[in-house]
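Q: kindly generate the corresponding structure for this input.
(2 chains)
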Amino acid sequence: MFRYCLVVIPALITLTACGGGGGGGNAMVAGPGSSGGWQAGVFMDAATFFGRCDAPRTGTNPATGNAFADVQGTITDENNFLRSYSDDTYLWYDEITDRDPALYDDPLDYFDLLRTEEVTASGAAKDKFHFTFDSAEYFQLSQSGVSSGYGATFVLLSSTPPREAVVAYVEPSSPATQVLLARGTRILEIDNVDINDATNAGVDVLNAGLFPSNAGESHEFVVQDIGSATTRTVTMVSATITSEPVQNVMVIDDPNLGKVGYLAFNDHIATAEEGLVNAVNQLAASGIDELVVDLRYNGGGFLSIASQFAYMIAGDGPTAGQTFEQLQFNDKHPSTNPVTGNPVSPTPFYDETRGLSLSAGQALPSLNMSRVAVLTGPGTCSASEAIMNGLRGVGVEVIQVGATTCGKPYGFYATDNCGTTYFTIQFRGVNAANFGDYTDGFSPANVGATAGTVVPGCAVADDFSKPLGDPSETRLSVALGYLTTQTCPSPTATVRIEGEPSDLSAVDGVVLKSLWLQNRIVSDL
Amino acid sequence: MSRHAVTALVGVSLMACQTLANETPALLTHSDDSAVVASALRNALGTQVQLAQDAFVTKSWLVLETGRDAIGKSAADGRRIEEPRRLELRLAGADCLVFDSQTGKRIALPALECRPE
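A: Predicted coordinates for the structure are as follows:
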């Protein structure tokens, strides 16, 4: 027997269901279909324009299982939806320059303008996360953790020639491990195209090889292994990969610290719930004295996973009854989520499973750590930063070793209209101490130069010359040293000699995604 | 906008709160049928659906994610606050079906054999 009560309905459903209607008490301007009548600062309800499309879709909406509700409209209708929706829900709506929607013949161009142009203290754009996807692409569904590929995550060390791509980590028992790809392996050629090829055709080949669309694709790679002066050629056939978001769970016997638990947590996907519970049970059974959590490649995901993991790190003591993260929408919506209509309530430190990969309602194990060392990189983002911020908010000592994190205390609801899915920042998250102002990221204390929110710890470049979890890997080694002495080695210089390959023991990179994707994201990541 | 969203929320919630006395959790009888399930879902939902090769073979439910391939591991969508979209394989009498928690819909799988979990 089943009994289900959906607590939160995703925005795509609620938005689809609210087409038509309108009103809301705003002053009236030109209605749907009109090409004129714009008045600066006067906004109709976004619902008035929702689903009124220059090219209405037919068929099934994958988000609802019902037919698309699009009706014939105009480009101006689509722009008006974006204008009103942004005025209603954008976090910094009062920093948008209001522009006549009838003057723009492409909603993507108009949307690009519907954001703040302010900068942060570091001089970076205040809004780095304003972007769109083609909805048909975005609607594609995959089982959590499942994708087509080789089971290797690549990092780009240099985007300009000599371009450098290396393996950051691999999934167990994957096509990548079958041909012995490992952390630090350099990718030199793909399907006879040099990694430095800058032509459009060449880049297409590189992308197609790195990011196969389907299982069963065969691609040839020329690679160079760590410590090898020669290259080798391997052929990988893409497969349906189920990733393991929690890897390298181990206990390090340190002469000064005792038993130090370590795990690499790479992705806040649903399957991480089970992986983290298993990891924490393993570490708890070992009676660890310290904990190092490796988040250097973790770009975020489900916030409820972050909350659960923070609880498992700290235990009941500091977290009972406390807020992990409170969402704050713009000042038009101080108490109600403008997208779901639900009251805005804090996310607690969840002490039970949430039904993401384990059955809901099971008590979570905990490690009861009063401090934790976190390994970070520029790809440590969003929900991963929320772990750090949430723990700091309840007085757990967080030590950061690595590079400044991405700086994303924000979130949004994916909003589909007329075949484009829009992402506009709609809320920020703050911790129990009401802190969420880390737009420039979290930075280890000795990072120097431009820094984000300073956290005790050490700035250390990534070390691709050693496996993750190896105590001699530089970031882990420095974390162990800091936990012992509260001091850092001199910051490592990541100077690259022109024309020479990077020193893989001291270099930072970004997790590589398709160039198509990079082109679509309106940000300076 | 929010007023309409709330109305929709209540409507969908009621539909999803039905007690379903004649349905029980199920597993695929044949371990190589996951691809057939994916195909049925693709036809019903009108979009690509990628499942693991052992989907519904050892567990009756799984979580679907949207835009995973589009977003990849970028920071584009790094703070998800919605509840996960669950798919549940069920037996209703002798019939096999998938229940979609997001839409509240049931997708029949007439070509497949299921067994109780």
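Q: name the residues of stretch A:123-131 that are buried.
A: By neighbour count on 16 or more other CB atoms under 10 Å in any protein chain shown, the buried set for stretch A:123-131 is A:124-131. The C-beta positions use only the backbone N, C-alpha and C, and glycine is treated the same way.
Q: cool, stretch A:184-197 as well?
A: So stretch A:184-197, judged by 16+ other CB under 10 Å, has buried residues A:184-190, A:193, A:195, A:197.
Q: using PDB, write down the CA coordinates of stretch A:283-292.
A: Taking C-alpha atoms only, stretch A:283-292 is exported to PDB below (Å, rounded to 0.1, in the frame of the first residue of the first chain):
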ATOM      1  CA  LEU A 283      34.600   5.900   9.400                       C
ATOM      2  CA  ALA A 284      32.600   5.800  12.600                       C
ATOM      3  CA  ALA A 285      33.300   2.100  13.100                       C
ATOM      4  CA  SER A 286      37.000   2.900  12.800                       C
ATOM      5  CA  GLY A 287      36.800   5.500  15.600                       C
ATOM      6  CA  ILE A 288      38.400   8.300  13.700                       C
ATOM      7  CA  ASP A 289      39.900  11.300  15.500                       C
ATOM      8  CA  GLU A 290      40.000  13.800  12.600                       C
ATOM      9  CA  LEU A 291      38.200  14.100   9.300                       C
ATOM     10  CA  VAL A 292      39.300  15.400   5.900                       C
END
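Q: B:S101: neighbour count?
A: Neighbourhood size, B:S101 [other CB atoms under 10 Å in any protein chain shown]: 19.
Q: pLDDT at the closest residue to it other than its chain neighbours, what is it?
A: Nearest residue to B:S101, sequence neighbours excluded (CB to CB, 6 or more residues apart in numbering or on different chains): B:R86, at 4.1 Å. Note on B:R86: pLDDT of 93.
Q: residue contacts, B:R86?
A: A:355, B:61-64, B:100-102 (CB atoms under 8 Å, 6 or more residues apart in numbering or on different chains).
Q: how about these, which pair is most distant?
A: Within these, A:G355 and B:D100 form the most distant pair, 15.1 Å apart (CB to CB).
Q: which helix or strand contains B:I107?
A: Element membership for B:I107 (DSSP states H and E) is strand B:105-108.
Q: output the contacting helices and strands for the helix or strand following that strand.
A: Proceeding N to C from strand B:105-108, the next assigned helix or strand is strand B:114-116, under DSSP H and E. In terms of contacts (3 or more CB pairs under 8 Å, 6 or more residues apart in numbering or on different chains; DSSP states H and E), strand B:114-116 is packed against strand B:23-28, strand B:85-92.
Q: tell me the angle of the first one relative to strand B:85-92?
A: Per axes from the mean of the first three to the mean of the last three CA atoms, to 10 degrees, the angle that strand B:23-28 makes with strand B:85-92 is 100 degrees.
Q: how far does the helix or strand that strand B:23-28 is followed by sit from its chain's centre?
A: Next along the chain after strand B:23-28, taking DSSP H and E as the criterion, comes helix B:34-45. Between the centre of helix B:34-45 and the centre of its chain there are 10 Å (CA atoms, centre = their mean, to the nearest Å).
Q: next: stretch A:467-483.
A: 24 Å.
Q: break down the stretch 401-525 of chain A into its strands, ranges please.
A: Assigned by DSSP state E, counting those that start in this stretch, the strands in the stretch 401-525 of chain A fall at A:410-411, A:415-417, A:420-423, A:427-430, A:442-444, A:453-455, A:457-459, A:510-511.
Q: could you report the neighbour count for the closest residue in space to A:G149 that isn't next to it in sequence?
A: Leaving aside its chain neighbours, A:G149 sits nearest to A:I241 (5.2 Å; criterion: CB to CB, 6+ apart). For A:I241, the count of nearby residues is 21 (other CB under 10 Å).
Q: number of residues surrounding the closest residue in space to A:T120 that isn't next to it in sequence?
A: For A:T120, ignoring the flanking residues on the chain, the nearest one in space by CB to CB, 6+ apart is A:T439 at 4.9 Å. Using other CB under 10 Å, A:T439 has 22 other residues around it.
Q: got the contact list for A:T439?
A: A:120, A:124, A:126, A:407, A:409, A:452.
Q: just send those residues back as a markdown table, with distance to A:A208 too.
A: Shown next, in a markdown table, are the contacts of A:T439 (distance: CB to CB, whole Å):
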| residue | distance to A:A208 |
| --- | --- |
| A:T120 | 37 |
| A:A124 | 33 |
| A:K126 | 36 |
| A:G407 | 32 |
| A:P409 | 36 |
| A:G452 | 36 |
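Q: so what does residue 48 have for phi and psi?
A: The chain I'm using is chain A. In terms of degrees, to the nearest 10, the main-chain angles of A:T48 are phi -60, psi -30.
Q: near it, how many other residues are there?
A: 24.
Q: wait, it sits on A:S84?
A: Yes: the criterion here is CB atoms under 8 Å, and A:T48 meets it with A:S84 at 7.3 Å.
Q: for B:P116, see how far away the residue positioned nearest the centre of chain B is.
A: For chain B, the residue nearest the mean C-alpha position is B:L87 (2.2 Å; CA atoms, centre = their mean). According to CB to CB, to the nearest Å, B:L87 and B:P116 sit 17 Å apart.
Q: now name the helix or strand holding the residue nearest to A:G149.
A: When elements are assigned from DSSP H and E, A:I241 belongs to strand A:239-242.
Q: quick one: residues contacting B:L89.
A: B:25-28, B:37, B:56, B:60-61, B:96-98, B:114.
Q: tell me what it is bridged to.
A: Beta-bridge partners for B:L89, by DSSP bridges, are B:V98.
Q: against chain A, how distant is it?
A: Counting by CB to the nearest CB, to the nearest Å, the gap from B:L89 to chain A is 12 Å.
Q: and the residue lying closest to B:R42 once chain neighbours are set aside, bridged to which residues?
A: Of all residues not flanking B:R42 in the chain, B:V49 sits nearest, at 4.9 Å (CB to CB, 6+ apart). Beta-bridge partners recorded for B:V49 (DSSP bridges): A:L141.
Q: hmm, B:V36 and B:V49 touching each other?
A: No: contact criterion CB under 8 Å: B:V49 and B:V36 do not qualify, at 11.7 Å.
Q: okay, the two: which has more neighbours?
A: Using other CB under 10 Å as the criterion, B:V49 and B:V36 rank with B:V49 on top: 22 against 14.
Q: check contacts around the more buried one.
A: Residues near B:V49 by CB under 8 Å, 6+ apart: A:140-142, B:38, B:41-42, B:64.
Q: please report how far the spatially closest residue to A:D254 that is not a sequence neighbour lies from A:Q282.
A: Leaving out its chain neighbours, the residue that sits closest to A:D254 by CB to CB, 6+ apart is A:V260, at 5.1 Å. Per CB to CB, A:V260 is found 14 Å from A:Q282.
Q: repeat for A:R163
A: Plainly put, A:R163 is 39 Å away from A:Q282 if you go by CB to CB.
Q: quickly list what A:F131 is bridged to.
A: Under the criterion used (DSSP bridges), A:F131 bridges to A:F423.
Q: so it versus A:V119, what's the distance?
A: 18 Å.
Q: before we move on, what about A:G299?
A: Counting by CB to CB - A:G299 and A:V119 are separated by 23 Å.
Q: tell me the pLDDT at the closest residue to A:Q362 other than its chain neighbours?
A: Leaving aside its chain neighbours, A:Q362 sits nearest to A:T353 (4.4 Å; criterion: CB to CB, 6+ apart). A:T353 carries a pLDDT score of 97 in this model.
Q: and for A:A182?
A: 97.
Q: ramachandran coordinates for it?
A: Dihedral angles of A:A182 (phi, psi; degrees, to the nearest 10) stand at phi -150, psi 170.
Q: need the contact list for it.
A: By CB under 8 Å, 6+ apart, A:A182 lies in contact with A:167, A:170, A:225-226, A:467.
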